[in-house]
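Undergrad: Sequence unavailable; structure follows:
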């Protein structure tokens, strides 16, 4: 039986136009950029720099980080788009996989698996460390760890039942103090109960019926959760 090959990892997001603009802004030649990269441990010929700027070539991770350092700019400015994967956020912080795993406090293999699959199974402490190491907001953290749907499901179960039964599970997804989560979930449940009391068929119907745009119920449940959490000092921005 033929062994299935793992899916190919997309290259690091890269904007040739941004690379050209940064080099031109500094008044550097391709030769000088190559020399600057050599100072950061990556040796290549100036033709590589021109190949990246023309879009004919794409830099590998190590080359990308060295290029950003040679051009004196944050790596994210050379991406051209916002990071969307764990790998992209890690590269934006100029970290290799081993350094990221060490900062988070997990085995290298566990971190590599998370990047390859887009799934994360760390506990609350490890999840908090992941956000800190990669500079993620809480929303970004939930998205890049593949937990958005699980969070939505937990929030709906929370407002339909007892929030106390879900606070720890949600804390593994959104690593903030349990007291902060309890405060937010209490508000969500209370708002939902008021909505249900007035015979709403769905979340937010009373607000729309009353013609009150911007009222709590006028937003999806997840959006209301983030709004409430964003008002608290959670250590990591929502």
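TA: Thanks, I have the structure now. The structure displayed is predicted, hence computed values, not measured ones.
Undergrad: which ones are touching the residue nearest to residue 105 when sequence neighbours are not counted?
TA: Among residues not flanking residue 105 along the chain, residue 129 sits closest, at 5.7 Å (C-beta to C-beta, 6 or more residues apart in numbering). Any C-beta I mention is one placed from the backbone N, CA and C, and that applies to glycine too. Listed by C-beta atoms under 8 Å, 6 or more residues apart in numbering, the contact set of residue 129 reads 103, 104, 105.
Undergrad: Just the element for residue 129, please.
TA: Per DSSP states H and E, residue 129 falls inside helix 124-134.
Undergrad: and that helix, average pLDDT?
TA: Average pLDDT, helix 124-134: 95.
Undergrad: Flag every buried residue along it.
TA: Within helix 124-134, the residues that qualify as buried are 124, 126, 127, 128, 129, 130, 131, 133, 134, counting by 16 or more other C-beta atoms under 10 Å.
Undergrad: closest to residue 87 among the residues you listed?
TA: Nearest to residue 87 among the buried residues of helix 124-134, counting by C-beta to C-beta, is residue 134 at 9.8 Å.
Undergrad: Next one: the closest one from residue 229, what distance?
TA: 19 Å (C-beta to C-beta, to the nearest Å).
Undergrad: Can you list phi and psi of the most centrally placed residue in the chain for me?
TA: Nearest to the mean C-alpha position of the chain, counting by C-alpha atoms, centre = their mean, stands residue 140 at 3.2 Å. Note on residue 140: backbone dihedrals following degrees, to the nearest 10 are phi -60, psi -40.
Undergrad: Flag every buried residue along the helix or strand harbouring residue 31.
TA: Taking DSSP H and E as the criterion, the element that holds residue 31 is helix 30-38. Using 16+ other C-beta under 10 Å as the test for burial, helix 30-38 gives 30, 33, 34, 36, 37.
Undergrad: that older thread, let me know the secondary structure of the residue nearest to the residue nearest to the centre of the chain when sequence neighbours are not counted.
TA: Nearest non-adjacent residue to residue 140, counting by C-beta to C-beta, 6+ apart: residue 89, 7.3 Å away. Under DSSP: H, G, I helix; E, B strand; the rest coil, residue 89 falls in the helix class.
Undergrad: any idea how far the helix holding residue 129 is from the chain center?
TA: Distance of helix 124-134 from the chain centroid (C-alpha atoms, centre = their mean, to the nearest Å) equals 11 Å.
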